[in-house]
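A.B. asks: 3D model of this:
(chains A, B, C and D)
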Protein chains: 2
Amino acid sequence: MIESDELLSIRAAELYYEDDKTQDEIGSILRLTRWKVGRLLAQAKADGFIRIEIVHPRARRLPIERRLRETCGLADAIVVSTAGVDGEDEVQSRVAQAAADYLTALRPVPRTLGISWGRTLHEISLHLEDGWAAGVDVVQINGGVSLTRRAGTAATTAVTIAQKGRGQAALLPSPAILEHRETKRAIESDRAVGAVLAHARAADAYLFSAGPADESSVLVDSGYLTADDVAGLVRRGAVGDVVGRYIDATGAVVDHELDERTVGLPLESLRAATLSIAVITGAAKHAVARAVVGSGLCTVLVTDDGTAENLITTQARTSEGQRGSA
Amino acid sequence: MIESDELLSIRAAELYYEDDKTQDEIGSILRLTRWKVGRLLAQAKADGFIRIEIVHPRARRLPIERRLRETCGLADAIVVSTAGVDGEDEVQSRVAQAAADYLTALRPVPRTLGISWGRTLHEISLHLEDGWAAGVDVVQINGGVSLTRRAGTAATTAVTIAQKGRGQAALLPSPAILEHRETKRAIESDRAVGAVLAHARAADAYLFSAGPADESSVLVDSGYLTADDVAGLVRRGAVGDVVGRYIDATGAVVDHELDERTVGLPLESLRAATLSIAVITGAAKHAVARAVVGSGLCTVLVTDDGTAENLITTQARTSEGQRGSA
DNA sequence: CGCCCGCGTGCTCATATGAGCAAAGATCCC
DNA sequence: GGGATCTTTGCTCATATGAGCACGCGGGCG
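C.D. replies: This next block holds a predicted model:
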């Protein structure tokens, strides 16, 4: 009885979706009233037998976005579809595109935008349309300009975003992590650095990514930390870094000594911001993403559907440490 | 301009299909009239950005069936979906299920059904519902009962189909291929065999499969032919066998001498039948399927979507040798 | 044995959608 | 620059669909 109904609903669905027949026609074919057909169709949909997929490089996943907003208390969530995408790189690129789109569509347009740097941010800068804004001050929120292997990526990112937005870039002329905390205090009190940090603290919006806690991190790549350092942090619970600061699953700083040697906006500023946009993709970053979202480091998350799914399922039970959604 | 329209249509599609918004609502969100939204949606569908898939073991592919009927001049075509199916075995099973369903739904119900034997037919027999018909005479249309490795599969198939259809099975008590054509003539003129063959020629409907022209064939497996024999046939153009007879791409018998040693219904009887149902699946059988369909050996084809796709694209240009559709 | 509850069914009506058409705008060719 | 044509746009109307409701049937309970 229930079995035959299922079969019927499949036949109805085939005729409806694949053969473009009207419910009434299906009714006369299967000897049912059109209302029965309608109910069968609704059932087939509810049972998940009908899968509607939108295949396009710029396609998003709206229902997942909604669930993500709700379960994680985010002001907004952008989830891009990875359907029919081959590589991790392609996904990265699509997420960056989505972040660029989001930034462009932001209203009110931020006057001052604080940004971190790294591969993700760089990609976003490339995807931004020229003239995406009419005058934005772009401010770096963490140090690290100089040591990067491909020198100047961080600077280029900031400058590109600023230029395309018809505005100025304020670079943070400092290493990401210093060897002694005294040096760090000294450099932060320097006018050039201090002014930029003050500027950063006053930003209307922040745009940042996060790194995984493994040796593939840019901080290792750039020579600020060794693979051993990172392994040590992982042993102490680190799941990844945000603007150069390693956090554990609860979003707390793992190593305070290290943190005090790290130049840039403190995490509290991100948590206090009315608009802070995190852009995080890839299976390697699921754990950091969870920590970032769960500890209220961002109000907006741009990510891929795999990460979103992971967040929704794992975050469901650990609904603590959230911040009120806007 | 065209680019932005595409983006718009994707956004509209997302809101429509994923967010269950009405076209009017989407119109006010995107600042468009609802007609524009409707057109955008139609465009997105036409461009193939919206993929609707029905995921169910018994799901069919109706639009492909239609194209298959039209391009290949078939009276009917059943194409099962392989979406989300893991192995070749699973596909086989689904196609067999579909064939069983088709047989059950056949109207008028055939009084006499001629069948071949083999793995496919056996599987169909298992999938048939008990009581699928109220009295069918099942007749074997080609020999080969005894030599099969798992003795009696051919007989079991026929008997199962007959029993479940509340009828009798008439077995063909003969090897598939004899060593001398004289023996073949002698055995065919024997009453027991001759009567069954006459019965078979008078069947209302035929149900058969086809084998690939390689060493995996049941004919090799059963010891009627050696792998070398088959290789020789392939060199002479064989693409596979139908009821024990090897045919080339045009559907013609490859080796007349061999054919004259083969016991069973001649291919002409299949071509002349008003209802002959071929059940063919798998990439290995694409070539035979093409020959069978192209040379009018069947009026109805039951297959998987991969094979169907292949048939449509390759058959498109070689539209010769077809028979008028019923 | 009859009554009541719950479910499935087919209805009425409101709403959503698609076809076809006339006007406006863009484009191209002279 | 002007006219012809081709595309795009917003409309009217017919059709398709979904929500809610009343009816009838069957099964459990008094």
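
A.B. asks: can you tell me the closest non-neighbouring residue to residue A:109?
C.D. replies: Excluding the flanking residues, the one nearest residue A:109 by C-beta to C-beta, 6 or more residues apart in numbering or on different chains is residue A:133, at 5.3 Å. Yep, even glycine has a C-beta here, placed from its N, CA and C like the rest.

A.B. asks: residue contacts, residue A:303?
C.D. replies: By C-beta atoms under 8 Å, 6 or more residues apart in numbering or on different chains, the contact list for residue A:303 reads A:77, A:78, A:79, A:80, A:95, A:279, A:280, A:281, A:289, A:311.

A.B. asks: helix, strand, or coil at the residue nearest to residue A:109?
C.D. replies: At residue A:133 the chain is in coil, as set by DSSP: H, G, I helix; E, B strand; the rest coil.

A.B. asks: repeat for residue A:40
C.D. replies: Assignment for residue A:40 (three-state DSSP): helix.

A.B. asks: and the gap between the spatially closest residue to it that is not a sequence neighbour and DNA strand C?
C.D. replies: Nearest non-adjacent residue to residue A:40, counting by C-beta to C-beta, 6+ apart: residue A:9, 4.0 Å away. Distance, residue A:9 to DNA strand C, using C-beta to the nearest atom of the strand, to the nearest Å: 11 Å.

A.B. asks: backbone phi and psi for the residue nearest in space to the middle of chain A, please?
C.D. replies: Central residue of chain A (C-alpha atoms, centre = their mean): residue A:279, 2.5 Å from the mean position. For residue A:279, the backbone dihedrals (degrees, to the nearest 10) come out as phi -120, psi 110.

A.B. asks: quickly list what it is bridged to.
C.D. replies: Residues in a beta bridge with residue A:279, per DSSP bridges, are residue A:302.

A.B. asks: would you agree it is in contact with residue A:242?
C.D. replies: No - the pair residue A:279 / residue A:242 is not scored as a contact, 11.5 Å apart, by C-beta atoms under 8 Å.

A.B. asks: in helices only, show me the contacts of residue A:303.
C.D. replies: With helices defined by DSSP state H, the entries of the contacts of residue A:303 inside them are A:95, A:289, A:311.

A.B. asks: export the contacts of residue A:303 as CSV, with columns for distance to DNA strand D and pLDDT.
C.D. replies: Putting the contacts of residue A:303 into CSV (distance: C-beta to the nearest atom of the strand, whole Å; pLDDT from 0 to 100) gives the following:
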residue, distance to DNA strand D, pLDDT
A:77, 26, 96
A:78, 27, 96
A:79, 25, 96
A:80, 27, 95
A:95, 31, 96
A:279, 33, 98
A:280, 36, 97
A:281, 35, 96
A:289, 35, 96
A:311, 30, 95
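
A.B. asks: could you dump those residues into CSV with distance to residue A:213 added?
C.D. replies: As requested, the contacts of residue A:303 are exported to CSV (distance: C-beta to C-beta, whole Å):
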residue, distance to residue A:213
A:77, 23
A:78, 24
A:79, 23
A:80, 24
A:95, 20
A:279, 18
A:280, 13
A:281, 16
A:289, 12
A:311, 17
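
A.B. asks: which one of those is nearest DNA strand C?
C.D. replies: Distance to DNA strand C across the contacts of residue A:303 (C-beta to the nearest atom of the strand) is lowest for residue A:79, with 23.2 Å.
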